[in-house]
Structures are given as C-alpha cells and as structure tokens.
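1. This is a predicted model, with the sequence first.
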Amino acid sequence: MSSLSDIRMANLYANVAQLSRDDEIGQVFDMVGQSAARQLGVPHGLAVGKEATIILLATAGPTAAVREVGRVVAGWKGGRQSFHNGHPQIHKPNRHQSPANEEESPTAV
C-alpha cells in the first residue's frame, strides 16, 4: 500500500459491495496491498536491509484501517521517510481577537 488513496479506495469498495465481515474486510485490505504488489510483480512486506515504501496508519489493524479510513501518521518512499504528520492537537481560540479581525492574517508576538 502506498498512499491513503488506496485505503479510501478499499473503504469505498467495501461499502459499495456491502462487505462487513472481518474476513471480507481483510481481503479488501489485501486487495490494495499484497494482491496489488503481486499483480505488479514487486515485493510485498518489510524485510531487514530492504528499502521500504509504506505508510503508517493510526488504526488498530488492517480491518480497522479499511473500515475507519485511519489517519496517516508517516510515510516512507524507497526507504527514506518522506513525511510525518505529527500528533493531532487542539488549539484554543484566541479569546482576545474580535470577530471583525478574524479575516486578518495572524501576527507574531
């Protein structure tokens, strides 16, 4: 699996095909991972010393990833980390800003 688009596609397919059992959802996950790699003739899985092209999802496992379209945490392309989305944060609103000033760009203090 190489992107969140693959998981979204798997989620859409599972919904359209009305799949719900764990084994069905597991097969859908494999469809965008292991089965796709086999069709393309490329290795699938992680191995020591091999370059990894993967995404890390914040889910409980493959079935949860398809059912919930899990949040992407980080990604690697060719063995090098290409992005990291960090941890979710909730920012408190600026209580001193008036509604009329909301459209203005923020200034550093």
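-> Right, received. Where do you want to start?
2. What ranges in this protein fall below the confidence cut-off?
-> 1-3, 96-109 (pLDDT under 70).
3. what are the ranges of the helices in it?
-> Taking DSSP state H as the test, the helices found in the chain are 4-16, 22-31, 34-40, 62-68.
4. now, of those helices, which is deepest in the fold?
-> Most buried of the helices of the chain by mean neighbour count (mean count of other Cβ atoms under 10 Å) is helix 62-68; its value is a mean of 20. The way it works is simple: take the backbone N, C-alpha and C, and place the C-beta from them, glycine included.
5. for the longest strand along the chain, packing partners?
-> When the chain is parsed with DSSP state E, its longest strand is strand 71-77. The elements that strand 71-77 packs onto, with contact taken as 3 or more Cβ pairs under 8 Å, 6 or more residues apart in numbering; DSSP states H and E, are strand 54-58, strand 80-84.
6. For the ones you listed, give me a markdown table that also has distance to residue 5 and mean neighbour count.
-> Conversion of the helices and strands packed on strand 71-77 to a markdown table gives the following (distance: least, Cβ to Cβ, whole Å; neighbours: other Cβ atoms under 10 Å):
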| stretch | distance to residue 5 | mean neighbour count |
| --- | --- | --- |
| strand 54-58 | 10 | 17 |
| strand 80-84 | 14 | 11 |
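7. wait, which of the ones you listed is closest to residue 73?
-> Proximity to residue 73 (Cβ to Cβ) singles out strand 54-58 among the helices and strands packed on strand 71-77, at 4.5 Å.
8. Neighbouring strands - and their directions - for that closest one?
-> strand 71-77 (antiparallel) (DSSP bridges).
9. residues making contact with the partner strand?
-> Residues outside strand 71-77 that contact it (Cβ atoms under 8 Å, 6 or more residues apart in numbering): 3-4, 52-59, 81-85, 88.
10. Alright, I will stop here.
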